[in-house]
Each structure stands twice: as C-alpha cells, then as structure tokens.
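Peer 1: would you be able to build a 3D model of this:
(chains A, B, C and D, ligands or ions: 4)
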Amino acid sequence: MAIDKDKLLELYTKMLLIRRFEERSADLLMAGEIPSGIHSSIGQEAVAVGVCANLRTDDCVSSTHRAHGHLIAKGGDIKLMMAELYCKRTGYCKGKGGSMHMADYSIGFIGACALVGGGLPVATGVALAAKLQGKDQVTVAFFGDGATNEGTFHESINLASIWNLPIVYVCENNMYAVTTPTSYSIPVKDVATRAVAYGIPGETVDGQDVLAVSAAAGTAVERARQGAGPSLLECKTYRYLGHFVSEEFLLGGKNYRTDDEINSWKARDAIALFGTKLMENGVLTKDKVASIEADIKAKVEDAVTFARQGPQPAPEEALEDLFV
Amino acid sequence: MAIDKDKLLELYTKMLLIRRFEERSADLLMAGEIPSGIHSSIGQEAVAVGVCANLRTDDCVSSTHRAHGHLIAKGGDIKLMMAELYCKRTGYCKGKGGSMHMADYSIGFIGACALVGGGLPVATGVALAAKLQGKDQVTVAFFGDGATNEGTFHESINLASIWNLPIVYVCENNMYAVTTPTSYSIPVKDVATRAVAYGIPGETVDGQDVLAVSAAAGTAVERARQGAGPSLLECKTYRYLGHFVSEEFLLGGKNYRTDDEINSWKARDAIALFGTKLMENGVLTKDKVASIEADIKAKVEDAVTFARQGPQPAPEEALEDLFV
Amino acid sequence: MREVNFMQAFNEGMREEMHRDKTVFFMGEDVQLPVFGFALGLVDEFGPERIINTPLSEAGFVGAGVGAAAAGMRPVVDLSVFGFAYLAMDQIASEAAKMRYMFGGQVKIPLVICGIAGIMGSSAAHHSESPHGMFMNVPGLKIVAPSTPYDCKGLLKAAIRDDNPVLFFQFIQLGLLTGAIPDEDYIVPLGVADLKREGTDVTVVAIGPMVPKALTVAENLAKEGISLEVVDPRTLVPLDKPAICASVKKTGRLVIADEAPRTCGAAAEIAAVVVEDEDTFGYLDAPIQRVTRHHVPMPCSPVLERFVVPDEGRIEAAVRKVMGKS
Amino acid sequence: MREVNFMQAFNEGMREEMHRDKTVFFMGEDVQLPVFGFALGLVDEFGPERIINTPLSEAGFVGAGVGAAAAGMRPVVDLSVFGFAYLAMDQIASEAAKMRYMFGGQVKIPLVICGIAGIMGSSAAHHSESPHGMFMNVPGLKIVAPSTPYDCKGLLKAAIRDDNPVLFFQFIQLGLLTGAIPDEDYIVPLGVADLKREGTDVTVVAIGPMVPKALTVAENLAKEGISLEVVDPRTLVPLDKPAICASVKKTGRLVIADEAPRTCGAAAEIAAVVVEDEDTFGYLDAPIQRVTRHHVPMPCSPVLERFVVPDEGRIEAAVRKVMGKS
Ligand SMILES: Cc1ncc(C[n+]2csc(CCOP(=O)(O)OP(=O)(O)O)c2C)c(N)n1
Ligand SMILES: Cc1ncc(C[n+]2csc(CCOP(=O)(O)OP(=O)(O)O)c2C)c(N)n1
Ligand SMILES: [Mg+2]
Ligand SMILES: [Mg+2]
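Peer 2: Ligands and ions are numbered 1, 2, ... in the order given. Below is the predicted model of the structure:
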C-alpha cells in the first residue's frame, strides 16, 4: 500500500464516524427527537470516504438527499450537522435546511440537493467557475444510480466534457432508487458505460473497498486537476437500511429486497473488510479500534448534546435569508 | 436493388416534392406572403423520405421545427400545409400552428414541436400506447443533432429501452444547431454512439443516400415492429439554407459555415445522386424527370392557390380549440 | 355511505375508473410499492402493465403520458411530489397544455397528472411545494384541488373522464382526513364550487387544506356571533366565479385562504376576479384579505414551518380585519 | 444623451458591466453569433471565454449559471426565448431561488437570467410566452420587466450588480424602440416604479410592452379631456406597491395592462395588492380592470394573434369602463 499509516487510519476512522453518526441519528429520529427526515448512508461509507480522501479543503463537493456521509467525509462538523437535523438555529443552515439541504461553504461542501439530479448542473457550474477563475480546484458531484436517468445527468456531463471542466461525477450505485431496482430502470449493466456517450473516462469500482474507491477517484481527481477534463466513476455499493429511516414501517412489511441479498452485502461490509485488512497489516489493533470507537462515541454524543441544547430559531427568522 | 421500380420512383418524386415545396415556400416567405417563419429542410430530403418509406399509414411520426419534409414524406397534403403556412383557416391547424406546429393525426403525423427535444417524450408515449394497446404500430421520432444534448433525449430513449417500445429515434445530424457546430457541442464523433448508454442498436448512415437511409431505417422499423425494441439511427446530412429562411439577412453577412463546406455537401446532393443512379439503372430518364418536375410544379402551385384563396380565420376563433 | 380517508378515496376512484375503462393506466416512480396510500395495492389488482413503475425521468414519463393520451389512452401520471413537476414543466406547459390548441383541435389529451402538494412536515423547501397558482397561469390545464374524501374521489373520476389535461393536487395534510362517501358511482363535476358552510358576515374562499381550517374558524367565531360562509372552489380551473361572486354579494367581505405562495397565486386570481366584476364590486364593504404562506421557500424547522404556513389564527385575524375588528 | 434602441441599450449595459467586473460572463445558445442585437459583437470584445456558447441543454446551462454564481462569478445566462425557461424550471425554481434560503444564508447567487418574451410575430405557441407571472409565484427570484431603452440599460446594470437571482424579460416588441440614455454610468434601482405620465382620472399600471401602448391611449384620451396616469412598475419583484397605491389613491380608478396570460398573472397580483390595502381600498371608485392576453396559447395567424394580444383598443375600452363610460 502506497498510502501511509495515518492516512489509512483516517479513512477507517471517518468511515466509522459516518456509521455511528448515521446510527445515532436514525435512533434519535425514531425516538421522535429529530424532526427532519433522514436518508441513511449506512453501508455506503467507503464511497464517500474513498473519494473525499483525494480532495483538498478548497475542492468542492455536491451531494444529494443522502448527504451525511459526504459531508462528514469532506470534513463537516458533526455538531452543526446534528443541530441541523434537530432544526436548531445552531445548525448548519439555521434549521432551514434539515438533512436534505445541508451545506458548508467554508469547506467547499456546496450543498445537498433533495431533488434527484438537481445538484449536477450546479456542481458543473462550480467547476466552470473554477476554470474561468484559473483555479486548480476540483469539484466532485455525488449522486445515485437513479439520478443517472434524469436529463440533468446527461446535460451536465455533456457540458463538462465539451468545456473540459475539472469535475468528477461519482455515482453511488446502491442498486435501487427507493424500491426500484437498477436492473429495471437502467438498461446497461454498468452506469460507467454511460461515459461513452460523452467521450470521457468511465470506471466501475467496488464501492465496498475504500482503497479501490480512493485509487480510482485519485486518478479522476488528478486528471481533473491537471485540466484533462471530467470523469465518471461508478461505485457499486448498498444501503443497509430502507430508502429513508422508517421506510420499513410505511411499506408495512413488504420488502423489495430479499434477506439473502441484504445479508450478502453485509458480509462485505466496507468497514469490516477494511478493518480486517488493517489488522492483518498491523495498522490497526483491537485496542486501537476500541479507542477509536470510544472517541467517536464521545464526539457523536457531544454533537447530540450540542444539538439538544441549541436554541430553536425564532419564528420570524423564517423571513430571513431569502434575499441578500 | 431489391426495391421495385415504382417504389424507387416514388422515393425520387417525394424528395423532389419536398425540395420544390421548400423552395416555393421560402420564396413566398421572402415575398412577404407567408407570415409563419420557416426552417427549410432543403438538402436533407433523403432522410425524411428514406425513413418514411418503411412506414405504414397507421405508423406514427413526430417532428421538430424543421418539419415540412417529414410531413410530406409521411403522406401529408401539401395544400393543407401551404394553407397552414399562410395561417389560413383551411390549413392543417386552422392557422393556429404555422410551420413549426403542423400535425395530421389522420396519417399518424402526431405533430411538429418547436421546442428542441420536446417531441421525444411525446413520441415515446405514443409508442407506449401502441404497446399497451397491443398494436404492431411503429413510431418514428425525428430530431436534430442539437436535440441530442437535451435531457429529454436521454430520458426518452432510456424509457423506450427499458420498456422495449416500438420506436425508432432518427437523428438528422446536419452538423449544426443554428450557428453552433456539432463538433463543439457533442464530444463524440457519431451521435449513434450514444445508443450504447441505453443498450440499444445505434447506427450511422449517409443521409445523402436515400437507399442507405431506407435500408437502415427498414431494419430498425422491422425490429420495432417485431417487439424487439427501439433503435437510434443517425443520418449525416446538411441543410443548404440558413437555420431559418432569412437567417442570412439577420446575421448580416457573417457566416458560420464556409462556402467550401456548403459546396462540398451540395456536390453530394441527395436528389442528384439518386437521380443519377436511377438514370444509370434505366429507372429514370430525362423525359421522366421533366414530367415529374412538371407534375410537382403543378401540385405546388395548386397548393399555393389553395392557400391564397383560403379564408382567414375569424378573430374569435382564437378562443376555440383550447379545451375539448 | 362509508367513512374513508382522503388517500383511500383517491385509491377507490382509481380502482373504479380502471375497472370501468381499460384505457386508464397509472404510472410514476415506485407506484408498485408506494409509501403513501394513494396507490396502495393497485398493482395487485391491475398488474405491472397498468401500474407502471418509471425511472427517475420526470420530463420523460410525463411527456410519455402526454403521448399516450394523444394516442387514445387515459394515463394518470403520478409525480409523487408536486415539487418534482418543475422537472417536467416543459412537457406540461408546452406540450400537454398546448398540443390540442396548436394543432387546431385535431387531438385531445385526456391526461391526469397527480402529486402530493403541501406540507408533509419538516420536509423543507424541495418537498413542500404547492404550485397550483403557477400552473393556473398556463392556458390549457384544468386544475383540481379537493379538500374532502368525497370531493377527492368524485373529482378524480371526473378528471379521468375529462378529455383535457388535468392537474390533480393531493394535499398531503388532508391524507388521513376521513369523510363519508356513497357506495354507488358518482362524480363531482369540474368547475362547480361547494358551499362548505353557509354564513352571512364574511365569505372565506378556502382551497384544499385551508378548508378544514376555515371551518374550524367558522365554528369558533360562530360562538361570537360572527357568521362565516366557507366556499370551496374545488377546481381552480375552471373556477366557479359565479358561486364566489354570489357569496361575496351576500356578505360584502372576502377572505381568501390558500396554503401556497402568495404572489400571483390562486388567492390573487380570486381577488382579481371579484374586484373586477362590476356586479360584485359595489357590494364589497372592506378590503379583500389573502391568507397564504409567507413568501419564502418552506423551511425545515417545525417552528419556522408553522410560522410560514397559514393557520386558523391567521384566517381568524383576516376575518376580524375585514370586519373592521382587528 | 444619445438615442439608442432597446437592444442596443441592453448591449451597452452588458459591455459596461463586463468591463467593470471581470467576474461577469455571458452564456447561452449561439450567443457568439446572435440573431438579435442584444449580444451583438460581445464575443469580439470579450472573447469566447466570457461569451460562452452552450449546447441545447437549458437545465444544464442554467444550473451551471447557478453553480458559477455560487462560486463567486456573476453569470448572465441567456435563454434566448423565455418560453425555453420551462426546460430549466427546476434549476430556476428549486435551485436558483431556494439555495440561499435553504442553506441558511451561507451563499449568494448573483445570477441574471435573460430571454426574449412576448410577441415576435407569428411565432406561435412555443415562441410567444410571457411567463413573468409564473415566476413571480416563486419566492426568491427578482423580476425585471423594462419598457424603455433607458430602463433596460439601467435595470440590467442593477440586476448584474444585485447579489440575488434576477430574471430579466426582454420584450421583443420593444426591441427596436428608441430612447435617450445618458453617456455616464447609471443604474435604475430594482423596486422603484416610474411614473411614465402623470394624470388624474385613471391609473394605468402598464408592464413592459404595454407601456408605450398605454401612453398612446393616454395621448388619445387627453384630447377628450380624460387624464391617464401611467405607472410602470419596471420591476415586478420587488414590486413598488407604495407607488401604485399612491396613484390609485389619487385617481380612484385602476386599469392594469400586461401582455401575458391573465390567470394568476402579474395583473392579478397588482389587483390583489391594491384591493387588500386598507388605505387604498376606500379610494377605489370602480372595479379594477385587467387588460391581458386572452387565455389561450399564442396562435400563429396574425389575425388570431392580434386578437389574443391586448392592444390600445382594449386598454381604452377598459379605461372607459372604469370611468363608467363604456
Ligand atoms: C426529481 C426527483 N424525483 C424524485 C424524487 C423522490 N426520490 C428521492 S430519492 C429517490 C431515489 C433516488 O435514487 P438514487 O439516485 O439511486 O439514490 P439513492 O436514494 O439510492 O441513494 C427518489 C425517487 C426526488 N427527490 N427528486
Ligand atoms: C428547447 C429549445 N431550445 C432552443 C430552441 C431554439 N432553437 C430552435 S432550432 C435550434 C437548433 C436545433 O438544432 P438541431 O436539433 O440540430 O436541429 P436543426 O435545426 O439542425 O435541424 C435552436 C437552438 C428551441 N426551439 N427549443
Ligand atoms: Mg440508488
Ligand atoms: Mg442540426
């Protein structure tokens, strides 16, 4: 492995932080503490972390309704995130955005967008600005498999290709858009194939292998940074929970995925796989894992406390922030 | 040649009819007689005729702002067309549609659409209806190279692919969208390459060769009719005139195409090429050409007379035809 | 008569029309395994050929609905959430609404487009749209905004049988509201308002989810001897102008309550229709008041959301204002 | 002062702002070789890096404008024809308009979206849209509708300098209208109406291309001793409500002329704003009249088009009506 030990531990820790944050916030939602709906990224952590491992703070990331992992991976502050889930004035967006509309412009997280495919043109424009401004900044647009059927996917990547923009389109192919399997809605085996239509590189990687993701993303990011244009990176992954937290209740027991399928993916859990590998390589030990877990647990609880203690926005604040 | 003599003559005659209709209507527009703007298809006749040669009357065709050729090729009545250009009550759409919004539902011409890419979802829905109704009807959607950059292109073909619809997407690649060359706006050499993204056949043919177009379209239409799904057919062609009739004036002498380029395409004029071939094969003679020309001229003049003599709509008729 | 909720009423309307007419079909994202009750169980009864799952391609599948309608089917296209309509705006405003007219009446477009509007609760800006006013601006669309299970079922059946494109707003706040519906087949015709409560002092024209709120206010104010007449237009296009004007002539005072953006919304149109009517103008004793969302996107926080969305308190305040008692 | 036409005024405004601020750029379809005069010659002066041709991808490049604005640029995005805005509706209504708010004020979107609105003459339904009313329904968008070269240039410069998304309507009927503009730098602030003519009998609020028509009517009626006051709001969001109400208080009679669809249009909003204003309501001596398009898509035929589009005759008839002289 070319990556140094600290970096490896950082990847592991970030994945675990995402997992624990998602678990805790799902619990708090089910307990009725969190008003904002949540789309959990549990199972998909390696994609967010593997991709963002290649980014600088001034690089940009755009995300979707399933945004927590991306924001944490980009360096987001889980206190401000949790407070936003609680819709407190102390949250990232002062309670206006909630889970699906978080942003942190100070670290280049240009925003989650709840409309599928809606963030792609915007991210493309951020990359256009970087090019016009002569910056060597790279933008990453995350989106799901379902989003690749939206017209904005097509239009955005075409624009990025003809303008040679510094952007990487990262498709988290978790095999489903809500209840609809990718095999029904996408007539090609790999989403990466679609890159052919725009004359750009397309690559499919194992989204459960954080190092594979990181390597592939590294190539694409470097390419963008060198001015060689956009790429499409597909990461095959899986979400363990329902489309949104509490979906299982609403669908009344009906499921669109078999237990076998879910279990086979869990057997390739990205964090477990990576943890095992790091242990084999001596980078990680059981003790180290325990201390990382403890540290994360403390951080997450701090975030919950911060969120709980934050003030509600005053009603009239609803009228602020429309226009500058 | 497998096609019989009458059919060959019919192809030739239809191409010539389109040419003469377009020429005459452009003249009448420049003379101030025709109020509706016109996008002329002179130069592109082989595509419309070659494709529609494979269609039955109950098959459907959707078109664009450049619709005259498609409608004539599908069997449209040039009297009603000319009257529509004159915006008369006797026109196809009672003067409401004009050049860019003609339709003839009696022959499956489901409509020209002035919004680039706008007709593709609608045509896809017509094909969906045919499938749901169990008909062996095929739909053809015509559109330009520029339209392939619209999101509707992507969404429509994807739908047709996953639903296995009886439709053929025909791209008339005339190398330009208004003043913008395809080489700028489309990052792949052949539009047909884009079929890869949808797992359907894509083929590029010489749009100046009516028999090549007809053969390729025949395969695609047959495939659709047999229930084997959609295809994308790209026909490389060229428009001789400006984007719209009178463009040359508005652009004030500036041109975005070289004379050399225009002349090289004219040297491969579809009608001339096909005429020569038919003469070589003895299907056509100079006399026969003269009589076809005379016949077409008479028909076009009849159409002009019909259009001129038709009554204007009464102003209040503007309030009709909104709702059933 | 049976008690059903709003979603069940919609569901029954769909089932009955699909049984009655083989050209009716239903399509949208995840309609085969829906999260809400509107489409529950339809696929079990009608199969995946008539209850069609679509990819995430709003322009594509709404346009496909337009085409299928032009080709003789009667599609009901489900947007899931009406805020997603913006992705299909061109197909709605340029194709569905204009095709018949542009083509000189050659074709009809018997298409219903439905979707959840209004407030799901802390769903924030992208999932809390009520854009019926925006669509009223487009000539060629009929617009349905039911407020009771009875109206929902009857209007849906009328919409499906109508030969024109109809937008059907499923206000989610009303989803679990129950009401009685008859066992036999019935429709509620498009274009006919319903007097949800008779009164003499102030007319409240209330749309969709504002109807039950207006009725609550009416109940409360009745105790003070203030008599509200609650008019539910039920369809915004066509709008039952005579019914609205007749009520205003009777009361001389008008409050319009619409849980939607204010500027150029349905409430503005209704105010304009009344104030431009020569017969009615002279009866107006007080300024017309609109009760609408505050003019911002919907925030996520429940505190902020409650502030933005119009409630009983704001209706009551408007009523007192037009009575000169604020 | 120099005489320029409307398109030249726009063109000058663009040039000056592009010279003043390196972050301003212009993009759209065929903007490097434009058919109309708005963008004429810009590419010669600023090169293809700042005058960017786009493929036919309205959602894509409008959204790219939003992103570029969020990233510190000041894009002016040209839709060519405003009817094409429907293809980019989601990027306009869900992203441009909402991003700042959703993100709690973290970002600003200094974006101008321009396009030709109105009647080019026999261009039919898809190329004759005036959808400003529809966009007024979306909180978060400023909307500019100039009627003179002077206002066009001044408002464009204000729009480009504004830190919010602004929709700029280029009414093509006005394209060749000439007027005087000063040589020095000036802006016309957003939100300030202009009294295009003072009068005492009837207020005509006229928007965009209806302003010159209203002035003609005013001229004609002056001969009969009828005195019209013509108010041009110039921006529809923000709307200069005080100026409109002040005029109505003076005249007691209001006609609103807007070359756009009637239902839920700008004219409806202005009527509602006036009739809900307590201070103004009492001054209203007659029903408010709207003069708008007839509520159909635009037909191609010149005969039909003339009928659908509001003209001087219809303004005059409305004036006579509110004066009780119809
Ligand atoms: C434009 C739009 N259409 C539909 C929805 C409803 N919706 C939210 S997430 C989702 C599925 C998205 O699937 P995918 O892109 O694969 O992302 P995933 O949820 O699997 O992460 C849908 C249909 C939406 N939010 N926006
Ligand atoms: C959605 C939309 N965008 C832009 C236009 C303006 N426009 C009309 S035709 C055209 C070019 C179309 O190019 P292409 O699809 O290649 O067809 P061609 O004109 O070459 O036949 C453009 C930009 C339009 N009518 N609709
Ligand atoms: Mg997915
Ligand atoms: Mg072309």
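
Peer 1: only C-alpha atoms from now on, for both contacts and neighbour counts.
Peer 2: Will do.

Peer 1: over to the residue most central in space within chain A: give its phi and psi.
Peer 2: In chain A, the C-alpha nearest the mean C-alpha coordinate belongs to A:H70, at 3.0 Å (C-alpha atoms, centre = their mean). Dihedral pair for A:H70: phi -60, psi -40, per degrees, to the nearest 10.

Peer 1: quick check: it touching A:T64?
Peer 2: No - counting by C-alpha atoms under 8 Å, A:H70 stays clear of A:T64, with 9.1 Å between them.

Peer 1: which parts of the lowest-mean-pLDDT helix or strand in chain A are buried?
Peer 2: The least trusted helix or strand in chain A, going by mean pLDDT, DSSP states H and E, turns out to be helix A:247-250, with a mean of 81. Applying a neighbour-count criterion of 16 or more other C-alpha atoms under 10 Å in any protein chain shown, one finds A:E247 buried in helix A:247-250.

Peer 1: so what secondary structure elements neighbour it?
Peer 2: Applying 3 or more C-alpha pairs under 8 Å, 6 or more residues apart in numbering or on different chains; DSSP states H and E, we find helix A:247-250 packed against no helix or strand.

Peer 1: is that helix anywhere near ligand 1?
Peer 2: No - using C-alpha under 6 Å from any ligand atom, helix A:247-250 never reaches ligand 1; the gap is at least 12.0 Å.

Peer 1: for the record, mean pLDDT for whatever helix or strand comes next after that helix?
Peer 2: Moving toward the C-terminus from helix A:247-250, the next helix or strand (DSSP states H and E) is helix A:259-266. Helix A:259-266 shows a mean pLDDT of 96.

Peer 1: alpha carbons of helix A:259-266, as PDB, please.
Peer 2: Taking Å, rounded to 0.1, in the frame of the first residue of the first chain, the C-alpha atoms of helix A:259-266 are listed here in PDB:
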ATOM      1  CA  ASP A 259     -32.800 -11.000   3.200                       C
ATOM      2  CA  ASP A 260     -30.300 -13.000   1.200                       C
ATOM      3  CA  GLU A 261     -29.300 -10.000  -0.900                       C
ATOM      4  CA  ILE A 262     -29.100  -7.800   2.100                       C
ATOM      5  CA  ASN A 263     -27.000 -10.300   4.100                       C
ATOM      6  CA  SER A 264     -24.700 -11.000   1.200                       C
ATOM      7  CA  TRP A 265     -23.900  -7.300   1.100                       C
ATOM      8  CA  LYS A 266     -23.500  -7.000   4.800                       C
END
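
Peer 1: run the chain-centre distance for that helix.
Peer 2: Distance of helix A:259-266 from the chain centroid (C-alpha atoms, centre = their mean, to the nearest Å) equals 21 Å.

Peer 1: list of residues touching it?
Peer 2: Residues from elsewhere that reach helix A:259-266 (C-alpha atoms under 8 Å, 6 or more residues apart in numbering or on different chains): A:43, A:238, A:240.

Peer 1: which one of those residues sits closest to ligand 4?
Peer 2: Using C-alpha to the ion, A:Y238 comes nearest to ligand 4 of the contacts of helix A:259-266, at 41.6 Å.

Peer 1: I'd assumed that closest one was in a strand, is it?
Peer 2: No - counting by DSSP: H, G, I helix; E, B strand; the rest coil, A:Y238 falls outside a strand, being coil.
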